[in-house]
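Trainee: curious how this folds, go ahead:
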Amino acid sequence: MSTGTQPFSPPKTFLSMPAKWRTKTTISAADKTLADACGISSVLAAILRLRGFDDVEKVQHFLTPDVSTLRDPFTLPDIEIAVERLHQAIKNQEALLIFGDYDVDGVTSTALLVRSLRILKANVHYALPERADGYGLNNTVVQKAAEDGIKLIFTADCGITAHEPARLAKALSIDLIITDHHDPAATLPEALAVIDPKRADSQYGFEGLSGCGVAYKVIQALLAKHWPEYLKSFTQKYLDLVAVAAIADCVPLVDENRYLAHAGLKVLSRTKKKGLLALMAAAKIDVNKQALAGHHVGFRLGPRLNAAGRMASPRKSLDLLLSEDADESMELATELDQLNTDRQEATRAIIKSACEVVYKSAELQQQAILIVDGNGWSHGLIGLAASRLVETFYRPAIVLGVEENLARGSGRSYAEFDLHALIEHTTHLLQSGGGHRAACGLSLLPDKINDFRELAQQFANSTIDPALLVPVVEADCLTEGKDITPELVKNLAALEPCGTGNPEASLMLRGAVLVDGLAMGAQKQHLKWFLEADNCRFECVWWNPGSKADGFEIGQKVDVCYVPQLNQWGYNTTLQLVLKAVRKSQQGE
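Mentor: Prediction:
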């Protein structure tokens, strides 16, 4: 059963690898007992047990996270120093500069700090880097701050590798407070305070905060120490920004982040911030008709906020999040919506070119890490292209956009390959570089690309097991037809917000019969199937299957990896299975 035209279709000479299918667990007797005790489905109980929540107390704590989950901000390194310096700056009306980053996390961090410090009557200024400036604090920003009379620089979501700017700030008698959540090097910048939960000497107990989460904790500590009358309202008021950052920046939604994102989505659903209201309207999110979930932030709000930094200036997103005017907010949100559309079109062009480079090279397809470069590829979009290469070829990928005098790159990992370690291993070839295990950014001179590619391949070959460089279809739990009901969908919604570290539940159904099917969409690029299992009939959709749909016939038995959803059309709500992968049934094997 074939579909119509597909984006990024591989040439017929490209041989895709067969996927390894895995089901993490099946429903046990203990799961049924736990389900009865907690009033949930056995499927949800099995998934929760799989994720470490295997008794009633743990399940209830996970499903209803509360404020007691919040950790003590005073256990963060250098927090006392930062709090006292901030208090001094506010009390003495010293000019202080908030310096953020150009992505969602950096913009929300800056917005949270500016909004909260304004309430405290601080003499606060703010700035963001443009992507063309490169990541993080730089000497130009520090020099300008000195010229403008700034006495204190407070970084948000950046600064952990800003050694030279830190030395310059010290020489210019500017105090520097760094707040970041990225991996620190062995030596920290010479700043007044360096607050990062990933510091080796941190007593915080959780490394997964977003940059906005770290900023939130600093203000929480400041208020607890010097303005306790504001603490209760602050703890709730800015959770919408923290939730957007946590979900969009892909930090693990576990531990404290589970509460911050869970409570934050509730705050977002009733937010009074005009910028967020306008952004949700532009993204066609109606909180009166649907409960906010992780995908609303991850796939609608986050990309629009990121589009400003990728296609124009991140200042547009920051202006939106700081706006107090409804008309201005709607104008900015509409502009971000259009920038996101432009971003999608430009990204498709880069992805097509990058994939074609790999498709044309059998040698490249066999390498442990893909490193692809192209002239004029926007450095604001190459990270998205790297993600697509990973999804298509099942190996780590770095995409380089080459300009006249500099190549900027962005990498995404696969098979647990450590990109941060790669950056450190190749640092002598780079102009700049940073990141973490799963993602990295770098820049280098164009004439160093081949040397970098060769050294990166050697490093990848020595650390990656080739057996891991294959597609994997992984489901959380094996189900039967009788398990799949509208109530199951409602149960699984209790996992929200879903994202990194707490993914959407994917399920397996084996031996279902394909009883009918048709192509749909403007180019017939999607499929609607009807499956039967255990005397139950299910409507299914399979988005953009391409050649993966070839060879299936009516009457055939199939195994499917799926996500159940409730599809609302007008006044009707129907159960629908969104297919993630399909194969000829191997039930009984």
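Trainee: residue boundaries of the helices in the stretch 351-500 of the chain?
Mentor: Remark: helices assigned in the stretch 351-500 of the chain by DSSP state H, counting those that start in this stretch are 362-365, 382-393, 419-425, 449-463, 486-492.
Trainee: and the second one, which residues are buried?
Mentor: Within helix 382-393, the residues that qualify as buried by neighbour count (16 or more other C-beta atoms under 10 Å) are 382-390, 392-393. Bear in mind the C-beta positions are built from the backbone N, C-alpha and C, glycine included.
Trainee: quick one on the thing from earlier: reformat the helices of the stretch 351-500 of the chain as a markdown table; add distance to D31 and mean pLDDT.
Mentor: Formatted as a markdown table, these follow (distance: least, C-beta to C-beta, whole Å; pLDDT from 0 to 100):
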| stretch | distance to D31 | mean pLDDT |
| --- | --- | --- |
| helix 362-365 | 42 | 88 |
| helix 382-393 | 32 | 94 |
| helix 419-425 | 37 | 94 |
| helix 449-463 | 37 | 96 |
| helix 486-492 | 13 | 96 |
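Trainee: looking at those helices, which is buried most?
Mentor: helix 382-393 (a mean of 22; mean count of other C-beta atoms under 10 Å).
Trainee: picking up where we left off before, nearest to D516, out of the helices of the stretch 351-500 of the chain?
Mentor: helix 486-492 (21.4 Å; C-beta to C-beta).
Trainee: whatever helix or strand comes next after that closest one pairs with which strands, and in what direction?
Mentor: Under the assignment DSSP states H and E, the closest C-terminal helix or strand after helix 486-492 is strand 507-520. As defined by DSSP bridges, the strand partners of strand 507-520 come to strand 472-479 (parallel), strand 526-533 (antiparallel), strand 557-569 (antiparallel).
Trainee: could you give the mean pLDDT of strand 507-520?
Mentor: Per-residue pLDDT over strand 507-520 has a mean of 96.
Trainee: mind listing what's buried in that strand?
Mentor: 507-512, 514, 517, 519.
Trainee: shaky segments in the stretch 1-150 of the chain?
Mentor: Within the stretch 1-150 of the chain, the segments meeting pLDDT under 70 span 1-16.
Trainee: try it again at 90.
Mentor: Counting by pLDDT under 90, the low-confidence segments of the stretch 1-150 of the chain come to 1-19, 131-136.
Trainee: burial measure for the residue nearest to L120 when sequence neighbours are not counted, as a count.
Mentor: Nearest residue to L120, sequence neighbours excluded (C-beta to C-beta, 6 or more residues apart in numbering): I90, at 5.3 Å. Residues within reach of I90, counting by other C-beta atoms under 10 Å, total 20.
Trainee: hang on, I90 in a strand?
Mentor: No - counting by DSSP: H, G, I helix; E, B strand; the rest coil, I90 is not part of a strand but helix.
Trainee: and it, how far from T179?
Mentor: Noted for I90: a distance of 16 Å to T179, by C-beta to C-beta, to the nearest Å.
Trainee: K121: what's it in contact with?
Mentor: Listed by C-beta atoms under 8 Å, 6 or more residues apart in numbering, the contact set of K121 reads I90.
Trainee: could you list the buried residues of stretch 535-555?
Mentor: Buried-residue list, stretch 535-555, by 16+ other C-beta under 10 Å: 538, 540-542, 545-546, 548-549, 552.
Trainee: buried ones in stretch 69-84?
Mentor: Buried-residue list, stretch 69-84, by 16+ other C-beta under 10 Å: 70-71, 73, 76-79, 81-83.
Trainee: residues making contact with that stretch?
Mentor: 177, 179, 192-197, 199, 201-206, 214, 217-218, 220-222, 224-226, 235, 255-256, 258-260.
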